[in-house]
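Q: predicted structure and sequence below. I'll ask about it afterward.
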Amino acid sequence: MLFDTHAHLNANQFDEDLEEVIERAKGEGVGQIVVVGFDHPTIKRAMELTDQYPFIYAAVGWHPVDAIDMTDEDLKWIEELANHPKVVAIGEMGLDYYWDKSPKEVQKEVFRKQIQLAKKVNLPIIIHNRDATADIVEILKEEDAKDVGGIMHCFSGSVEVAQECVDMNFYISLGGPVTFKNAKKPKEVAEAIPLEKLLIETDCPYLTPHPHRGTRNEPSYVKLVAEQIAQIKGISFEEVAEVTTNNAKKLFGIN
């Protein structure tokens, strides 16, 4: 069975055909999916989906792009939701220096608050990083994020940074880009990082793997990510599926 550790089935791109999308995922052997909420509407929808489907779990957090909109009430709400048995992580959170909606200092403050909250409720964290690697690593160290650990979501950095994150109790999650011909770094990371520290994801509806690039991504395509990692490592697809699924279950506390 495969475990898609980061999906946005709560996005409006899935409003029309969610049932079919889920059936296709099951058909490709996807056994569990974590749907990630990152603001009011997406968190609410993620929680609805966990109630609706036994194999869907939720992560709840606040996206760095929208950090400027987060209130103390929102943080309290996330803390309350963390008690739900199917909320398995806090996030996605982190820093995004590509978009400039939220000032860097505001992003950093909201990031720190969420790490502190995750430590309080004892849940792993899911890290969103865009053009902000050095600051993210620094904050993770300063806040002792290793106490809860988590996921470097859709990792695009170097092998050296990946290893630094593994040393801080984080899993490296690879998605569609590992299948792209010109994606040198994700392939190097897939080769260098032990399978015991890797996870797989789609980040659907975004980052669709080859050969479906340019279309909407969906959880069934996580199989293409697993197949690519198997090819890079020279091991069987079955081994990649089994180990990455066990890694996810261990991290999320799913029996």
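A: Nice, thanks for sending it over. Numbers count the residues shown, from 1 in each chain.
Q: remind me, longest helix of this protein?
A: In the chain, with assignment by DSSP state H, the single longest helix is helix 104-121.
Q: which other helices and strands contact it?
A: Using 3 or more C-beta pairs under 8 Å, 6 or more residues apart in numbering; DSSP states H and E as the contact definition, the elements that helix 104-121 packs against are helix 72-81, strand 87-96, strand 125-130, helix 133-142. C-beta here means a position set from N, CA and C on the backbone, and glycine is covered the same way.
Q: rerun at 7 Å
A: Using 3 or more C-beta pairs under 7 Å, 6 or more residues apart in numbering; DSSP states H and E as the contact criterion, the neighbours of helix 104-121 among helices and strands are helix 72-81, strand 87-96, helix 133-142.
Q: what comes into contact with the helix or strand following the last one?
A: Moving toward the C-terminus from helix 133-142, the next helix or strand (DSSP states H and E) is strand 150-152. Contacts of strand 150-152 with the rest of the structure, by C-beta atoms under 7 Å, 6 or more residues apart in numbering, involve 5, 89, 124-127, 165, 170-173, 199.
Q: which residues of this protein fall in helices?
A: Taking DSSP H, the helices of the chain run over residues 18-27, 40-52, 72-81, 104-121, 133-142, 159-167, 184-192, 222-233, 237-252.
Q: hang on, the earlier thing: kindly provide the whole-number mean pLDDT of the longest helix of the chain.
A: Mean pLDDT, helix 104-121: 98.
Q: from the chain's centroid, how far away is it?
A: Taking C-alpha atoms, centre = their mean, to the nearest Å, one finds helix 104-121 lying 17 Å from the centre of the chain it belongs to.
Q: hmm, who's touching that helix?
A: With C-beta under 7 Å, 6+ apart as the test, helix 104-121 has contacts from 61-62, 64, 67-68, 70, 75, 78-79, 82, 90, 93-95, 97, 125, 135, 139, 143, 145, 147-148.
Q: and stretch 181-195, by the same measure?
A: Contacts with stretch 181-195, where a contact means C-beta under 7 Å, 6+ apart, come from 155-159, 162, 166, 172, 174, 177-178, 229, 232-233, 240, 243.
Q: among those, which ones are buried?
A: Listed as buried from these are 155-157, 162, 166, 172, 174, 177-178, 229, 232-233, 240, 243; burial here means 16 or more other C-beta atoms under 10 Å.
Q: distance to Lys187 and pLDDT added to those, as a markdown table?
A: Listed next are the buried ones among the contacts of stretch 181-195 as a markdown table, based on distance: C-beta to C-beta, whole Å; pLDDT from 0 to 100:
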| residue | distance to Lys187 | pLDDT |
| --- | --- | --- |
| Phe155 | 12 | 98 |
| Ser156 | 11 | 96 |
| Gly157 | 13 | 96 |
| Ala162 | 12 | 98 |
| Val166 | 17 | 98 |
| Ile172 | 13 | 99 |
| Leu174 | 9 | 98 |
| Pro177 | 9 | 98 |
| Val178 | 6 | 98 |
| Ile229 | 9 | 98 |
| Ile232 | 6 | 98 |
| Lys233 | 10 | 98 |
| Val240 | 14 | 98 |
| Val243 | 18 | 98 |
